[in-house]
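A.B. asks: 3D model of this:
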Amino acid sequence: MSVEISNGATITGFVEDEEAFNSWAKKCLVALDEDNDNVLSYVEMMKEFDCDSHGLDLEEFKSVIKGIMLAVADELRLSPLRMIPEDNGFLQKAIEWESTKLLP
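C.D. replies: All right, here's what the predicted structure looks like:
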């Protein structure tokens, strides 16, 4: 567990990198999909996040998660935030993504 300093730009950059975001979103969906049908059912995901009443497929899941992440980024803006991100959580993945962009 480490303390990280980040801001909304880190999250926005991660979400806008389609390849990085899509890869992470797919891994998340697979991890949450208990019955391995590539759709999050009501049991697997809260009903209010359902976009079409049949559970969330990968595209719907990405849309919901992207909306949440961009809302967090908008609230953070450029204000530095010291945090302890959850292992494999979206903030941790955004910080890891950013660190790869900083290396020469």
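A.B. asks: switch to C-alpha atoms for all contacts and neighbour counts from now on
C.D. replies: Will do.
A.B. asks: so which residue is dead centre in this structure?
C.D. replies: Nearest to the geometric centre of the chain sits F90, at 4.1 Å (Cα atoms, centre = their mean).
A.B. asks: output the lowest mean pLDDT helix or strand found in this structure.
C.D. replies: For the chain, counting by mean pLDDT, DSSP states H and E, strand 81-83 ranks last in confidence among helices and strands (a mean of 77).
A.B. asks: quick check: buried residues in the next helix or strand after that one?
C.D. replies: Proceeding N to C from strand 81-83, the next assigned helix or strand is helix 90-102, under DSSP states H and E. Using 16 or more other Cα atoms under 10 Å as the test for burial, helix 90-102 gives F90, L91, Q92, K93, A94, I95, W97, E98.
A.B. asks: how many residues are close by the closest residue to F90 other than its chain neighbours?
C.D. replies: Closest residue to F90 apart from its sequence neighbours, by Cα to Cα, 6 or more residues apart in numbering: M69 at 7.9 Å. Per other Cα atoms under 10 Å, the neighbour tally for M69 reads 19.
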